[in-house]
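In: One predicted model, sequence on top.
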Amino acid sequence: MLRLGVLLLAVGAMLTGCVSDQVGTDFASVSRKIGPPRGGQARVVFLQDKREGLSMAICGCEVKLDGTSLGRVVAGKYAYADRPAGRHDVLVTEALFPGDTKREIVMEAGRTHFYLIKSSARHDAATGGAILGGLAGLAVVSVATAGEANPGPAELVALDEATARTKLAELQAIN
């Protein structure tokens, strides 16, 4: 009986450790807490939809803005940064992926800009090649898709504020 009690207590402790409501990390709470961008500044938010079913069309992407890492934006997460208005360089990489996504964005003062991170066609092909052929399949697909217009793992899709806020309502900030 004591063993059963200890076992149930251990299982309960493990399950509670896995449960987190992450109160306050949704974008609406964060926005209220930090307020709008300061004068001459703009805010940019990079987000990735939650994974749907067994889809492999996701990217565990490291996002850099002007060379500074914002973190790894994975499915169901977002990252944001405030920067001076103007032109900025975005670099999206993924560990072991043979290419980078590079894009220049223009940010307007006082405004929040939203970008959805979607896996690129090359990323999806490489993932399929790796699943079907292991490392050899990944290598073959990587060589075959090397000439793609976007050699990186992600597509950055600009979103309007209403669409972005609807998507962000279900997402959590990266830690």
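Out: Looks like it came in fine.

In: As a check, name the ranges of all helices in the protein.
Out: 2-18, 27-34, 121-144, 161-168 (DSSP state H).

In: what's the burial count for Y78?
Out: By other Cβ atoms under 10 Å, the residues close to Y78 number 27. To be clear about C-beta, it is placed using only N, CA and C from the backbone, and glycine gets the same treatment.

In: do the same with F27
Out: Neighbour number of F27 under other Cβ under 10 Å is 22.

In: My guess is it contacts T166. True?
Out: No. Shown here, F27 and T166 do not form a contact pair, counting by Cβ atoms under 8 Å, at 10.6 Å.

In: returning to that earlier point: worst average pLDDT in the helices of the chain?
Out: The minimum mean pLDDT among these belongs to helix 2-18 (a mean of 41).

In: list the contacts for V73?
Out: Listed by Cβ atoms under 8 Å, 6 or more residues apart in numbering, the contact partners of V73 are F46, L47, Q48, C61, E62, V63, A79, I117, I174.

In: Quickly list what it is bridged to.
Out: With DSSP bridges applied, V73 shows beta-bridge pairing to C61.

In: For it, give its distance to E62.
Out: Distance of V73 to E62, computed by Cβ to Cβ, to the nearest Å: 8 Å.

In: Repeat that for E108.
Out: Noted for E108: a distance of 26 Å to E62, by Cβ to Cβ.

In: quick one: which of those two has more around it?
Out: Neighbours per residue, other Cβ under 10 Å: of E108 and E62, the larger number sits with E62, 17 against 11.
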